[in-house]
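Asks: What follows is a predicted protein model with its sequence.
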Amino acid sequence: MIHPTPRLRFAPSPTGPLHLGGARTAMYNWAAARAMGGTFLLRIEDTDQARSTDASLQIILAGLRWLGIDWDEGPEKGGDFGPYFQMQRLELYAAAAQRLLAEGKAYPCYCTTEEIEAGREAMKAEKTGFYGYNGRCRNLTAAERAAFEQQGRKANIRFRMPEARVMNVHDLILGDVEVNTKELDDWVMIRPDGVPLYNFACVIDDIGMKITHVVRGNEHFQNGHKQRLLFEALGAECPLYAHIPLILNKDGKKLSKRDADTNMLDYRDKGFPPEAVFNYIALLGWGFSGDRDLFTRQEMVEAFKIENIGKSGSKFDEEKLRWMCGEYMRRWTPAQCVQQARPWLEQVVPAGAFATHGAWLQNVIACFQERVALYSEFDSKIGWLFGETVVMDEAAQKNLAKDPAGPAWLRGYADVLEGANLPPSYPRDRSAADRAVGLPSKKDAPAPACAFDTPAQIEVRTRAFTEQLGIKFGNFVHPVRAALTGTDKGPGLFDVVFLLGKETAVARLRAAAGR
RNA sequence: GUCCCGGUCGUCUAGUCCGGCCUAGGACCCCAGAUUUUCAUUCUGGUAACACGGGUUCGAAUCCCGUCCGGGAUACCA
């Protein structure tokens, strides 16, 4: 090993957003670097000037940051092996090309696009099975070159591939594969304008940046062969390659940048917890262990081995992703949830409430953590806590009308609650109650010391009331929940009463009872 | 066309390298049940796979060959 420190890179081209496949490639490189105690760097392959944009670059960087993938060298970081943008490395490519030209390992090609295409068609017609560049300029004499130059033709620089050489390439994932160079044509290294093409710039940079391991999509497998030959021509040792299988869309096709919903930032904007997305993507082609699906970034790093990446493609399953989001959502503390969900919560929570009613909001959110998967789903479920009046949905209206005695129950219950020692209602200060009682209430939890009635105490009063009424609790609870929340879903009834507080609970019960 | 890679429940996968512990394990989804004041959570149970055909072997998901299917590459994109 000539390079003692493992160095891995993610080399996106800023021609579109960071999509799922790119994120996973970045993640595997990152994890491998971290696992081996090496360096992870970002190199921007911006040689496609027509399609590269700074906006795309920013989106890619934001996507990586959102997933928690950090880099040691590259944009915004610098490093000793820069520049990290290929368009700033043009002289490096030119120098390498000159050297190869001088050594006869590359040659200028004067063919026009049309001529190349015609050559390809001719090879197709021959039905040899192979078609590519026909090598017309491979052995031009000095005089012929001069003649082309005289005509004003600009030259591409092509790499002179060895003819019909069988080489054995080793891939960390695919194993040993035999390839014959006759299947590969003389490829273009540099365009007439001096801008290099992928295969060339990639190798020059991998050498310059001392890359030791390359983990990339399987679509680059054949490119790898061309690149190995270039390393050889340059007298450099090539990195270890690992070609990972593609992520497929629902139709089993390669996931492309043009597929909708593949921009990482879309997941952020839709309220997905990044930790869950990270975890899910990691699982697309790699297994933590036979019996565990959930793991942290740190745990992944500790367990990660390039060799354990799978060989077959995988389809993206949004349902499992959602499930995983829910798993993570339940693990956060309520405070973390409030903070993470805040951009969405602000749709329904009055701005000042975050400062004045922090403890209360945490209790509200805590009651819904097991009922949502995304941060964006809280706001549509907690609106009933704020409005002056309750908006009844269809199920609630039905529950309200179910029993003719309902209004009487509600009135009576309102009286019970009025006489109880409930916490005050928002927007009054109720922090003492919310700090003392952590919701949602759990069966076997020890009774908290609280100056107000706890959900458990509210339950005692409530059950006593239904007994007094001589009705089943199960019948009583539905209209009450409807009156209080306007729906037939939600947290336990006593948590609901506690959260609502005295004034609001009483008012709503009386309003629903028609006074 | 040619070259290359892949193929375990519907999906993600463990097992494959070093055949027997695999009457193939886990997870998502789905179904049933339990708990329960609703929803959700949780718990229990269930349906469901070694692509196919030949070998080799006492024994194959695991090794070999063929077939089929899927994917990738074949650019002056990356």
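Replies: That came through fine.

Asks: Name the residues of the stretch 101-250 of chain A found near RNA strand B, please.
Replies: A:111-113, A:116, A:120, A:127, A:129-133, A:156, A:174-175, A:177-180, A:183, A:185, A:187-188, A:191-192, A:197-199, A:201, A:218-223, A:245-246, A:248 (CB under 7 Å from any atom of the strand). C-beta here means a position set from N, CA and C on the backbone, and glycine is covered the same way.

Asks: so which helix or strand takes in A:Tyr328?
Replies: helix A:318-331 (DSSP states H and E).

Asks: Pull up the gap between A:Val390 and A:Val372, please.
Replies: The gap separating A:Val390 from A:Val372 is 21 Å, by CB to CB, to the nearest Å.

Asks: can you pull out the strands in chain A?
Replies: A:7-10, A:39-42, A:106-109, A:156-159, A:166-171, A:175-180, A:188-190, A:213-217, A:240-244, A:247-248, A:314-315 (DSSP state E).

Asks: Out of the ones you listed, the one nearest A:Arg89 is which?
Replies: When the strands of chain A are compared by CB to CB, strand A:188-190 sits nearest A:Arg89, at 12.2 Å.

Asks: for that closest one, packing partners?
Replies: helix A:90-102, strand A:156-159, helix A:198-208 (3 or more CB pairs under 8 Å, 6 or more residues apart in numbering; DSSP states H and E).

Asks: Dump the longest one to CSV, keeping only the CA atoms.
Replies: What follows is the C-alpha trace of helix A:90-102 in CSV, where atoms were taken according to Å, rounded to 0.1, in the frame of the first residue of the first chain:
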residue,chain,number,x,y,z
LEU,A,90,-7.2,22.5,-16.2
GLU,A,91,-3.4,23.0,-16.3
LEU,A,92,-2.9,19.7,-14.5
TYR,A,93,-4.9,17.8,-17.1
ALA,A,94,-3.1,19.6,-19.9
ALA,A,95,0.3,18.6,-18.5
ALA,A,96,-0.7,15.0,-18.1
ALA,A,97,-2.0,15.0,-21.6
GLN,A,98,1.2,16.5,-23.0
ARG,A,99,3.2,13.8,-21.3
LEU,A,100,1.0,11.0,-22.7
LEU,A,101,1.1,12.6,-26.2
ALA,A,102,4.9,12.8,-26.0
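
Asks: List the buried residues for it?
Replies: Residues of helix A:90-102 classed as buried by neighbour count (16 or more other CB atoms under 10 Å): A:90, A:92-93, A:96-97, A:100-101.

Asks: Among these, which one lies nearest to RNA strand B?
Replies: Of all the buried residues of helix A:90-102, RNA strand B sits closest to A:Tyr93, with 11.1 Å by CB to the nearest atom of the strand.

Asks: Give me the nearest residue to that closest one, chain neighbours excluded.
Replies: Excluding the flanking residues, the one nearest A:Tyr93 by CB to CB, 6 or more residues apart in numbering is A:Pro196, at 4.3 Å.

Asks: The one you found contacts A:Ile190, doesn't it?
Replies: Yes. Under the criterion of CB atoms under 8 Å, A:Pro196 makes contact with A:Ile190 at 5.0 Å.

Asks: anything in contact with each of those two?
Replies: A:93, A:97 (CB atoms under 8 Å, 6 or more residues apart in numbering).

Asks: Now for A:Cys250: which residues touch it?
Replies: No Cys there; residue A:250 is Lys. Going by CB under 8 Å, 6+ apart, A:Lys250 touches A:315-316.

Asks: how near is it to A:Gly217?
Replies: Using CB to CB, A:Lys250 is found at 19 Å from A:Gly217.
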